[in-house]
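>>> Next come a sequence and a model predicted from it.
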Amino acid sequence: MRWTYQLLLFISLLVATQAIVHPVAAPTGSLDEKFDLISREPAGPVTRSQTRPRRSPRLASQPSSGLRKPKPRTKIKSRRQKVFIHGDIMAHQLKTSNYRQTAIQNAGGPAGKDWSKHDAEHLIEAQMVSHYLNEHRDGKPIEVECLKHVVSHLNSPGNLKMLKSQHNMEKKKVVSQLIKGNPPDKFTRPVKNYIKAYSPELESTARKLDALFKPGQPCSKLRKPKPDDTISKASRRIILHALNS
């Protein structure tokens, strides 16, 4: 029994000694490999392509997931369309609808004055300006922009007065004769005095109308008037006729 115990003790010591001299090898896939993987540094400098995640290739038919940058809009220069008037310009087309009210306000006088026997009168006659426009357009259409400026000057307060109806008819008749080149009748004293009194306003409006026909102005497309064929010259002839009547 004793020798059996001694034999078992001897075998245990022998096994222990073999384990110390020849340790058991670590299995494949141990912590050595994991440690090696963690501590390994990449060879060479780190590039952007190595740190940025790679995108999967996108087919041309696939829509982009991000927002596309909007294309710049084409700038279109808007041009104002020009409007033209064909045919001859009539005198009544150059008069505004409220020119009588403007003339009454410009005339002044006591409140509630009776103007029933008076006409709203243009110092520069509308018939004279319409004749002038038709003569210088040479059969071509006239731009509406030109007519707007003509109407604005013709119906301005400085060119509108109140005149007795019979005197207004007389003035229109004589001006028409002067325009057509016919021998004009003489002005009566009331009309003569009226034209002489307002000759500065008459000539001022004429100069403003002539300025519209200069280069770069609204009516510059019409035939350039000659020095002796302007609205100012025609107005001056009316004033001289009044002085000589």
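Perfect, thanks for sending it.
>>> all helices of the chain, in order?
All helices of the chain, identified by DSSP state H, fall at 2-21, 31-39, 48-51, 99-107, 126-136, 144-154, 165-180, 189-197, 199-211, 231-244.
>>> In a markdown table, list those helices along with distance to residue 116, mean neighbour count and mean pLDDT.
Heads up, the C-betas are built off the backbone N, CA and C, glycines and all. Converted to a markdown table, the helices of the chain look like this (distance: least, C-beta to C-beta, whole Å; neighbours: other C-beta atoms under 10 Å; pLDDT from 0 to 100):
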| stretch | distance to residue 116 | mean neighbour count | mean pLDDT |
| --- | --- | --- | --- |
| helix 2-21 | 142 | 9 | 61 |
| helix 31-39 | 113 | 9 | 37 |
| helix 48-51 | 94 | 8 | 53 |
| helix 99-107 | 11 | 16 | 93 |
| helix 126-136 | 22 | 19 | 95 |
| helix 144-154 | 24 | 18 | 96 |
| helix 165-180 | 9 | 17 | 96 |
| helix 189-197 | 18 | 15 | 96 |
| helix 199-211 | 25 | 18 | 97 |
| helix 231-244 | 26 | 17 | 95 |
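>>> Turn those helices into TSV, columns for distance to residue 83.
Shown next, in TSV, are the helices of the chain (distance: least, C-beta to C-beta, whole Å):
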stretch	distance to residue 83
helix 2-21	113
helix 31-39	84
helix 48-51	63
helix 99-107	23
helix 126-136	16
helix 144-154	4
helix 165-180	28
helix 189-197	36
helix 199-211	21
helix 231-244	24
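>>> of all those, which lies closest to residue 120?
helix 99-107 (3.8 Å; C-beta to C-beta).
>>> ok, and what's touching the closest one?
Helix 99-107 is contacted by residues 96, 115, 120-122, 155, 157, 160-162 when judged by C-beta atoms under 8 Å, 6 or more residues apart in numbering.
>>> what's the answer for stretch 166-185, then?
Here stretch 166-185 makes contact (C-beta under 8 Å, 6+ apart) with 119, 121, 125, 127-128, 131, 163, 186-188, 190-191, 194-195, 234, 237-238, 241.
>>> still on that earlier bit, top of the contacts of helix 99-107 by neighbour count?
Each of these was scored for neighbours by other C-beta atoms under 10 Å, and residue 122 scores highest at 28 neighbours.
>>> need the contact list for the closest residue in space to that residue that isn't next to it in sequence.
Spatial nearest neighbour of residue 122, chain neighbours left out: residue 159 (5.7 Å); criterion: C-beta to C-beta, 6 or more residues apart in numbering. Contact partners of residue 159, counting by C-beta under 8 Å, 6+ apart, are 122-124, 153, 201-202, 205.
>>> Tabulate the residues you listed (TSV), appending distance to residue 107.
Shown next, in TSV, are those (distance: C-beta to C-beta, whole Å):
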residue	distance to residue 107
122	14
123	13
124	17
153	19
201	13
202	16
205	17
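>>> Give me the local confidence score for the residue nearest to residue 137 when sequence neighbours are not counted.
Counting by C-beta to C-beta, 6+ apart, residue 222 is the residue found nearest to residue 137 once chain neighbours are left out, at 5.5 Å. Note on residue 222: pLDDT of 93.
>>> Let me see the contact set for residue 222.
133, 136-138, 140, 142, 146, 213.
>>> if we can go back for a sec, separation between the residue nearest to residue 122 and residue 182?
25 Å (C-beta to C-beta, to the nearest Å).
>>> and what of residue 102?
In this view, residue 102 and residue 182 are 32 Å apart by C-beta to C-beta.
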